[in-house]
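Enquirer: Please work out how this folds:
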Amino acid sequence: MTRPRFFLCGAAAMLAAVMALDAAEPRAVAYAVRGAMIHTAAGAPITSGTVVLRNGLIEAVGASVAVPADAIAIAGSGLHVYPGLIDMANGAAIAGAEPADAGAGGRGGGGEAQFDNREEAERAKRAALLRPDFLAADNLSTRGEALSALASAGVTTVLAVPGQGIFKGQSALVNVALPPDDPQISNVGDYRKGLAVIRSPVAMHIDMAGRGGGPGYPQALLGTIAFTKQGLLDAAWQREARVHYARGGPGQRPAFEPALDALVPVLERQMPAAFDAGAAREIDRALAMAAEFNLDPIIVGASGAASRTAELATAKARVILSLNFPGGGQAGTGSGRGGRGGGAAPSLRQLREQADAPNTPAALAAAGVPFAFTSGGASPADFVRNAGRVVRDGGLSAEAALAALTIDAARMAGAAARTGSIETGKAATIIVTSGDLFDGGQIRHVFVDGFSVDITPPAPQGGGRGGRGGVRKWTP
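Expert: Alright, predicted model coming up:
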């Protein structure tokens with residue numbers, strides 16, 4: 001289906017422009033991968049099947065599907081086909097990381113920001129910490145090396161999560177690549193970034209540890225917990241005040257507060273509250289906060305989840321588990337302390353966490369706690385590699401690991417009807433590998449919404465960084 005266009009011309013000119021546009025646009029390309037092992041994530045694998053992609057959708061999939069005459073065919077003997085992988089907490093798709101004026105510390109300005117009075121300074125700090133009205137979908141980046149690296153590793157979709165503040169904002173499920181641009185002839189240019197968005201908003205993200213809050217109050221943990229609770233209380237008061245005023249009750253008109261208004265769907269359980277929580281004690285705090293305000297909780301990171309499976313199940317919480325295992329040497333949430341870099345030797349607790357990390361998904365599965373995966377700051381290649389460790393070393397079945405990377409992630413994001421599995425009518429977002437994905441299989445082809453994506457071949461094993469080479473153009 002052709003996207004809607006907005007023309008600035010009269011009826012005759014518009015008709016001429018449409019005819020010219022139709023003539024200029026190429027026919028949609030269809031692709032067919034035939035004779036491959038197809039892991040649908042919706043049922044048993046198809047040992048030797050064909051999947052047909054057309055107009056951004058999966059047109060057909062099955063063991064006896066014929067290859068259309070107009071399709072570009074890919075011989076699939078020895079290849080595996082999977083739904084595109086989903087990283088359920090990643091900031092790479094958000095433009096410029098964060099707004100320049102978000103913090104009160106004057107970063108990048110050679111010193112602390114200057115304010116005319118204390119009130120202005122406090123308001124700036126509040127704006128840095130209380131950002132529930134920040135929409136990831138309104139602040140997307142659709143290009144860059146980080147997104148290309150994700151696609152090259154088979155990660156086609158991410159939950160774009162804002163990175164700053166205590167109330168960080170609202171995430172969006174987005175694709176990491178856009179289709180080729182349509183000719184923009186005699187019309188107002190279309191909104192390209194919107195083509196990446198699958199669903200928005202998905203969840204409200206909260207970091208009670210205040211890791212993205214910047215300098216100044218609250219620095220102490222108790223202060224950030226108090227700030228979180230006060231924000232939810234203020235939002236509840238704002239909601240009631242608006243209802244009271246709308247009914248003609250006495251009193252002053254409630255102030256216009258976009259940040260507090262944005263929290264109302266969370267208080268009404270219309271939007272999940274996703275808490276950054278790694279250690280078991282952080283999970284306890286998040287579940288307690290969710291229970292106090294009757295929130296729908298998601299725990300992000302969750303390195304200590306294996307010891308809290310009963311509590312998570314009782315709270316009907318979902319988990320976005322970091323695959324940035326301790327000791328992996330990667331920066332970001334869940335990265336290993338005492339890893340590479342010549343620092344102090346890891347403690348016994350850290351070594352235990354490192355050894356136990358691959359076992360956590362199986363523990364969640366046994367307890368019936370829904371979960372998906374996030375890279376947690378690990379490189380895209382390590383994200384996929386560590387998913388293989390979960391299968392090889394952690395006892396999770398390959399089917400459950402694939403589901404956590406695809407359909408279960410889409411289900412958690414409220415988008416399972418559109419993406420996350422290889423089924424007729426769903427988005428044609430798939431990856432093709434030579435070999436099993438969880439046993440060193442290499443990415444050969446990536447399709448996002450039916451379009452072939454240029455990918456960078458992985459560096460040779462043992463070659464170190466700098467051996468990535470150029471972009472590999474796919475040819476049938």
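
Enquirer: Quick one: the strands in the stretch 151-300 of the chain, in order.
Expert: All strands of the stretch 151-300 of the chain, identified by DSSP state E, counting those that start in this stretch, fall at 155-160, 167-170, 172-175, 197-199, 204-206, 273-277, 297-301.

Enquirer: Least confident secondary structure element in the chain?
Expert: When each helix and strand of the chain is scored by mean pLDDT, DSSP states H and E, helix 11-24 comes last, with a mean of 45.

Enquirer: ok, back up a step: what would the strands of the stretch 151-300 of the chain look like in a markdown table with distance to Ala416 and mean neighbour count?
Expert: C-betas here are computed from N, CA, C, even on glycine. Listed next are those as a markdown table, based on distance: least, Cβ to Cβ, whole Å; neighbours: other Cβ atoms under 10 Å:
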| stretch | distance to Ala416 | mean neighbour count |
| --- | --- | --- |
| strand 155-160 | 12 | 29 |
| strand 167-170 | 19 | 28 |
| strand 172-175 | 11 | 28 |
| strand 197-199 | 10 | 19 |
| strand 204-206 | 20 | 28 |
| strand 273-277 | 18 | 27 |
| strand 297-301 | 15 | 27 |
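
Enquirer: Nearest to Gln252, out of those?
Expert: Distance to Gln252, taken as Cβ to Cβ, is lowest for strand 167-170 among the strands of the stretch 151-300 of the chain, at 25.2 Å.

Enquirer: and the closest one, C-alpha only, in CSV?
Expert: What follows is strand 167-170, C-alpha atoms only, in CSV (Å, rounded to 0.1, in the frame of the first residue of the first chain):
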residue,chain,number,x,y,z
PHE,A,167,11.2,9.3,35.5
LYS,A,168,13.0,8.8,32.2
GLY,A,169,10.0,8.9,29.8
GLN,A,170,8.0,6.7,27.4
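
Enquirer: I'd like the average pLDDT over stretch 36-44.
Expert: For stretch 36-44, mean pLDDT is 97.

Enquirer: Show me how this protein divides into domains.
Expert: 1-84+420-457+468-476, 85-419 (automatic domain parsing).

Enquirer: Let's see the distance spanning the last one from one end to the other.
Expert: End-to-end distance of domain 85-419 (Cα to Cα, to the nearest Å): 10 Å.

Enquirer: Select the longest helix from this protein.
Expert: helix 221-246 (DSSP state H).

Enquirer: now the chain, which segments are flagged as low pLDDT?
Expert: Counting by pLDDT under 70, the low-confidence segments of the chain come to 1-28, 96-113, 182-190, 210-217, 327-344, 346-347, 349-350, 457-476.

Enquirer: So which residues of it form helices?
Expert: 11-24, 118-129, 145-152, 221-246, 258-262, 264-267, 280-293, 309-314, 348-356, 360-367, 380-392, 398-405, 407-412.

Enquirer: and those, which is most packed in?
Expert: Highest mean neighbour count of the helices of the chain: helix 407-412, a mean of 24 (counted as mean count of other Cβ atoms under 10 Å).

Enquirer: Name the residues that touch it?
Expert: The contact list for helix 407-412, computed with Cβ atoms under 8 Å, 6 or more residues apart in numbering, reads 41-42, 83, 86, 88, 159, 173, 298, 318, 320, 370-373, 416, 418-421.

Enquirer: In strands, which of those fall?
Expert: Mapping those onto strands (DSSP state E) picks out Pro83, Ile86, Met88, Leu159, Leu173, Ile298, Arg318, Ile320, Phe371, Ala372, Phe373.

Enquirer: Look up how far Arg34 lies from Ala66.
Expert: As for Ala66, its distance to Arg34 is 9 Å (criterion: Cβ to Cβ, to the nearest Å).

Enquirer: quick one: which of the ones in strands among the contacts of helix 407-412 is most hemmed in?
Expert: Of all the ones in strands among the contacts of helix 407-412, the most densely surrounded is Met88 (33 neighbours; neighbours counted as other Cβ atoms under 10 Å).

Enquirer: Let me know whether it touches Pro370 as I believe.
Expert: No - contact status for Met88 versus Pro370: not in contact, 11.5 Å apart, counting by Cβ atoms under 8 Å.

Enquirer: Pretty sure Ala378 sits against Leu323.
Expert: Yes - between Ala378 and Leu323 there is a contact under Cβ under 8 Å: 6.2 Å.

Enquirer: which residues are common contacts for those two?
Expert: Residues touching both Ala378 and Leu323 (Cβ under 8 Å, 6+ apart) are Asn386.

Enquirer: show me what contacts Ala170?
Expert: If you look again at residue 170, you'll see it is Gln, not Ala. Here Gln170 is in contact with 132-137, 162, 200-205, 262, 271 (Cβ under 8 Å, 6+ apart).

Enquirer: one more time with 6 Å, if that's ok
Expert: Going by Cβ atoms under 6 Å, 6 or more residues apart in numbering, Gln170 touches Leu135, Pro201, Met204.

Enquirer: Against Asp296, how distant is the nearest residue to it once chain neighbours are set aside?
Expert: Setting aside the residues directly before and after it, Gln170 is nearest to Pro201 in space (Cβ to Cβ, 6 or more residues apart in numbering), at 3.6 Å. As for Pro201, its distance to Asp296 is 13 Å (criterion: Cβ to Cβ).

Enquirer: List the contacts of the closest residue to Ala381 other than its chain neighbours.
Expert: Leaving aside its chain neighbours, Ala381 sits nearest to Ala153 (5.1 Å; criterion: Cβ to Cβ, 6+ apart). For Ala153, the contacting residues are Pro380, Ala381, Val384, by Cβ under 6 Å, 6+ apart.

Enquirer: what does Ile206 give?
Expert: Phe167, Ala273, Phe275.

Enquirer: Next: Val319.
Expert: Ile299, Ala302, Ala305, Leu364, Val369, Phe371.

Enquirer: could these be laid out in JSON lines, adding distance to Ile58?
Expert: As requested, the contacts of Val319 are arranged in JSON lines below (distance: Cβ to Cβ, whole Å):
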{"residue": "Ile299", "distance to Ile58": "32"}
{"residue": "Ala302", "distance to Ile58": "32"}
{"residue": "Ala305", "distance to Ile58": "33"}
{"residue": "Leu364", "distance to Ile58": "29"}
{"residue": "Val369", "distance to Ile58": "30"}
{"residue": "Phe371", "distance to Ile58": "26"}
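
Enquirer: ok, those residues vs Gly249, which is closest?
Expert: Of all the contacts of Val319, Ile299 has the smallest distance to Gly249: 38.7 Å, by Cβ to Cβ.

Enquirer: Could you check how far that closest one is from Met88?
Expert: Going from Ile299 to Met88 by Cβ to Cβ gives 12 Å.

Enquirer: Also Arg131?
Expert: In this view, Arg131 and Met88 are 20 Å apart by Cβ to Cβ.

Enquirer: What of Ile455?
Expert: Ile455 sits 21 Å away from Met88, taking Cβ to Cβ as the criterion.

Enquirer: now Asp439
Expert: Taken as Cβ to Cβ, the span from Asp439 to Met88 is 23 Å.

Enquirer: likewise Arg392?
Expert: 21 Å.

Enquirer: Next: Thr309.
Expert: For Thr309 relative to Met88 (Cβ to Cβ), the value is 19 Å.

Enquirer: Then Leu173?
Expert: Distance from Leu173 to Met88, counting by Cβ to Cβ: 9 Å.

Enquirer: Identify the contacts common to the two.
Expert: Common neighbours of Leu173 and Met88 (criterion: Cβ under 6 Å, 6+ apart): Leu159.
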